[in-house]
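A.B. asks: show me how the following folds:
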Amino acid sequence: MEWSESWRGAFRIELRAEAVNLAWHGWPVLPGTYPSGDGWLGRDQVEASGPVPVHADWRERIGTLPEQVATWWTGGSYTILLATGHGVDAVEVNAELGKRAAVALRTAGAPAPIVATPDGRWMFLVRSGGVVREDLAARGVVHRTRGEHITLPPSPARHGVVHWRVKPQVCGWQLPEPGTVLDAIGSALAVRHDGLVALES
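C.D. replies: Numbers count the residues shown, from 1 in each chain. Below is the predicted model:
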């Protein structure tokens, strides 16, 4: 999908407002490159793989006050990146597993903010810390933590827009412990495995 100058201009205010709101709640947000026909623009070079921080010294900018965050989006419609490992981590899974884990969390009364990307990835936002069990990692569960970043809504992507499946407001901006989400994912995988076994037997 080609994102024109007029589109970026129209969304600049929305992206800026959301970035400031996230920073006001203590989330370490950063401006990221945006999609174009040739790659991801916003730095001196074009990135082919996906959005990256606009500022080369982004690690030193983590924790910037909301007032300064606002100035970053004044001149550009950048994507919104979250620097994980600084109070907020992300547990990433595919959409099918994400849906089942979200149901398990909701049933347990422990919803988590969930980000979904147009390419079918779901990211459960959790408090920083913890590690993914080897059995879950082997099934494609990824823990995004210090030194990494993810894209937050309403950022543009190559084939759509990153969006919330569960907004942080639903959880009162309270993040669950990583283990709570990982247990829900493990339960969702176990239910899926048992169901397949039952169908095959």
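
A.B. asks: quick one: the helices in this structure?
C.D. replies: For the chain, the helices defined by DSSP state H cover 5-24, 66-72, 95-107, 134-137, 178-200.

A.B. asks: walk me through the domains of this protein.
C.D. replies: As assigned by automatic domain parsing, the chain contains the domains 1-82, 84-150+158-201.

A.B. asks: who's in contact with P178?
C.D. replies: D89, V91, V126, R127, G129, G130, H143 (Cβ atoms under 8 Å, 6 or more residues apart in numbering). (Glycine included, C-beta is placed from N, CA and C.)

A.B. asks: closest one of the residues you listed to A108?
C.D. replies: Among these, V126 lies closest to A108 (Cβ to Cβ), at 14.4 Å.

A.B. asks: let me see the confidence value for that closest one.
C.D. replies: Listed pLDDT for V126 reads 98.

A.B. asks: what does T74 give?
C.D. replies: 85.

A.B. asks: that one reaches R16, doesn't it?
C.D. replies: Yes - with contacts counted by Cβ atoms under 8 Å, T74 reaches R16, the gap being 7.0 Å.

A.B. asks: how close does V142 sit to W173?
C.D. replies: Separation of V142 from W173 (Cβ to Cβ, to the nearest Å): 24 Å.

A.B. asks: number of residues surrounding G85?
C.D. replies: 19 (other Cβ atoms under 10 Å).

A.B. asks: tell me the contacts of it?
C.D. replies: G85 neighbours (Cβ under 8 Å, 6+ apart): S128, T145, R146, G147, E148.

A.B. asks: out of those, which are buried?
C.D. replies: T145 (16 or more other Cβ atoms under 10 Å).

A.B. asks: and T74 and R16? Which one has more around it.
C.D. replies: Using other Cβ under 10 Å as the criterion, T74 and R16 rank with R16 on top: 21 against 8.

A.B. asks: what residues are up against that one?
C.D. replies: Per Cβ under 8 Å, 6+ apart, neighbours of R16: A70, W73, T74.

A.B. asks: distance of the first one from S128?
C.D. replies: Right, the one you point to is A70. Taken as Cβ to Cβ, the span from A70 to S128 is 25 Å.

A.B. asks: what residue ranges in this protein score low on pLDDT?
C.D. replies: 1-10, 36-49, 192-201 (pLDDT under 70).

A.B. asks: mind running it again at 50?
C.D. replies: 1, 45-46, 194-201 (pLDDT under 50).

A.B. asks: just to revisit the earlier point, can you put the contacts of R16 in TSV and add distance to L105?
C.D. replies: Shown next, in TSV, are the contacts of R16 (distance: Cβ to Cβ, whole Å):
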residue	distance to L105
A70	33
W73	31
T74	37
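
A.B. asks: looking at those, spot the one nearest G63.
C.D. replies: Closest approach to G63 among the contacts of R16 (Cβ to Cβ): A70, at 15.1 Å.
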